[in-house]
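Undergrad: 3D, please:
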Amino acid sequence: GVEKTMDKYLVGKPGVRTVRVDQKGAIVGEVGYEEPRKGNDVHLTLDARIQVIAERALRDAGIGRGACVVIEPSTGEVLAMASVPSYDPNKFIPSISTEDWDAYLKNPVKPLSCRALGGYAPGSTYKIVTALAGCLAGITNSRFSCSGSVTYGTKAMKCWIADNEGSYGSLDLSDGIKVSCNCFFYQFGNRAGLKNIERIGSLLGLGQRSGIELDEEDERSLILPGEKWTRQNKPSENWRSPGFVANVSIGQGLVQTSPLQMANVAATVANGGMAYPVHLLKRVVDGLRVVVENQPPPRGDLVKEAVSAQQFELVRRGMWKVVNADGGTGRGGRLSGVEVAGKTGTAQFLRSGQKDNHTWFISFAPYQNPK
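TA: Model prediction:
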């Protein structure tokens with residue numbers, strides 16, 4: 001999609017040749033000639049090496065539908081973005097056959113969709129957003145107890161460990177992140193409040209189109225279900241109810257985020273609170289002259305919102321424990337010689353009546369001075 005969005009820089013200028021003709025229309029001389037001028041060069045933020053690794057990782061793992069996004073946390077530059085299944089762009093040159101086009105459109109796994117930009121329920125990766133909302137509310141030192149479920153009204157909302165007839169007991173924030181305890185975050189999210197969850201989400205760009213230099217059609221289904229959005233779009237939903245807030249707190253219910261957005265959530269935690277706009281455009285160059293140098297300012301500074309370095313470290317430490325501590329849900333993300341911090345997520349989902357969960361992993365590395 002970059003060639004479409006960057007066309008004003010890439011297009012160039014056609015040449016002009018002015019000739020003199022006689023009364024019969026035959027050319028008898030040249031009056032003037034203006035050479036065609038090529039367009040500007042557009043430099044992207046992509047790192048071709050990392051892009052190849054991301055593409056191969058998805059395919060070698062045999063993932064049928066998925067995406068991978070890699071961001072530089074100190075700038076918001078997208079270093080790689082891959083989506084599977086994909087399509088062969090060569091089939092569109094000079095034009096795609098009716099047979100191939102129909103095959104793409106009718107394919108149930110939708111290869112023309114960019115899953116890196118599409119909206120999906122983020123599951124427990126969203127608990128990082130809820131944790132940051134708790135920082136705004138000043139409750140990061142609170143402890144909550146997990147007995148396997150929390151009852152709101154007449155409904156008992158379970159923790160995932162309850163399926164194994166277990167419970168976690170009393171937890172602090174970093175351990176709540178480590179074991180991804182639903183009961184902890186039901187209570188933590190309600191104490192933090194929907195307004196603070198919405199505030200953090202807005203600062204991180206959730207529920208909004210990212211502004212990345214691609215076709216925005218793929219970003220239509222992004223939802224940050226705060227009071228205003230829910231009133232306008234789902235008036236039958238009781239956004240004040242503890243059950244509604246509990247569902248939002250664990251990335252279920254109405255929440256819809258993209259892999260691109262959740263990569264940026266991880267990047268913001270990694271860099272200590274600066275939310276940069278994600279972007280693909282590095283610079284535009286005309287020969288040796290730089291026409292555009294794209295270094296967008298931060299869209300949000302969580303430290304200015306009164307999230308202290310100590311509070312941030314509690315969240316970061318929880319993500320470190322996810323991968324590196326005994327009992328962490330992301331132990332499969334450990335790497336030899338590199339300290340990885342992360343957060344797992346599984347969102348319950350039905351596809352054509354069959355259970356087909358959305359599974360996630362967001363991460364940053366190395367733990368100190370992440371790249």
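
Undergrad: For the lengthiest helix in the chain, list every residue counted as buried.
TA: Ranked by number of residues, the top helix in the chain under DSSP state H is helix 309-324. Neighbour-count burial for helix 309-324 flags 311-312, 314-324 (criterion: 16 or more other C-beta atoms under 10 Å). Glycine gets a C-beta too; all of them are placed from N, C-alpha and C.

Undergrad: Save the residues you listed as a markdown table, and put in pLDDT and distance to I53 too.
TA: Below are the buried residues of helix 309-324 laid out as a markdown table (pLDDT from 0 to 100; distance: C-beta to C-beta, whole Å):
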| residue | pLDDT | distance to I53 |
| --- | --- | --- |
| Q311 | 93 | 34 |
| F312 | 92 | 29 |
| L314 | 94 | 32 |
| V315 | 96 | 28 |
| R316 | 96 | 25 |
| R317 | 96 | 28 |
| G318 | 97 | 27 |
| M319 | 98 | 22 |
| W320 | 98 | 23 |
| K321 | 98 | 26 |
| V322 | 98 | 22 |
| V323 | 98 | 19 |
| N324 | 97 | 23 |
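
Undergrad: moving C-terminal of the helix or strand of the chain with the lowest mean pLDDT, what's the next helix or strand?
TA: Every helix and strand in the chain was compared by mean pLDDT, DSSP states H and E; the lowest is strand 350-351, with a mean of 74. Downstream of strand 350-351, the first helix or strand assigned by DSSP states H and E is strand 354-355.

Undergrad: Restricting to C-alpha, output the following helix or strand past that following strand in PDB.
TA: Using DSSP H and E, the helix or strand that follows strand 354-355 towards the C-terminus is strand 358-364. Provided in PDB are the C-alpha atoms of strand 358-364 (Å, rounded to 0.1, in the frame of the first residue of the first chain):
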ATOM      1  CA  HIS A 358      -7.100 -15.700  19.100                       C
ATOM      2  CA  THR A 359      -3.700 -16.200  20.700                       C
ATOM      3  CA  TRP A 360      -1.200 -13.400  21.300                       C
ATOM      4  CA  PHE A 361       2.300 -12.700  22.500                       C
ATOM      5  CA  ILE A 362       3.600  -9.100  23.000                       C
ATOM      6  CA  SER A 363       7.200  -8.600  24.200                       C
ATOM      7  CA  PHE A 364      10.300  -6.400  24.300                       C
END
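
Undergrad: For strand 358-364, buried residues please.
TA: 358, 360-364.

Undergrad: and the two most separated of the residues you listed?
TA: H358 and F364 (20.8 Å; C-beta to C-beta).

Undergrad: Please identify the residue most distant from the middle of this protein.
TA: Residue farthest from the centre of the chain, counting by C-alpha atoms, centre = their mean, is Q23 at 65.8 Å.

Undergrad: Check the secondary structure at it for me.
TA: The three-state assignment at Q23 reads coil, by DSSP: H, G, I helix; E, B strand; the rest coil.

Undergrad: For G169, see how far away it is.
TA: Distance of Q23 to G169, given as C-beta to C-beta, to the nearest Å: 100 Å.

Undergrad: before we move on, what about F349?
TA: Taking C-beta to C-beta, one finds F349 at 30 Å from G169.

Undergrad: So for the two, which residue has more residues nearby?
TA: The neighbour comparison of F349 against G169 (other C-beta atoms under 10 Å) goes to F349, with 15 against 11.

Undergrad: isn't that one right next to A121, touching?
TA: Yes: using C-beta atoms under 8 Å, F349 is in contact with A121, at 6.6 Å.

Undergrad: what sits in contact with each of those two?
TA: H358 (C-beta atoms under 8 Å, 6 or more residues apart in numbering).

Undergrad: doesn't L79 fall inside a strand?
TA: Yes: counting by three-state DSSP, L79 falls inside a strand.

Undergrad: Spit out the contact partners of P225.
TA: P225 makes contact with 207, 234, 237, 239, 248, 253-255, according to C-beta under 8 Å, 6+ apart.

Undergrad: Between these, which sits nearest N190?
TA: For these, the nearest to N190 is V248 (9.8 Å; C-beta to C-beta).

Undergrad: Isn't that closest one up against I200?
TA: No: V248 is beyond contact range of I200, at 11.7 Å (criterion: C-beta under 8 Å).
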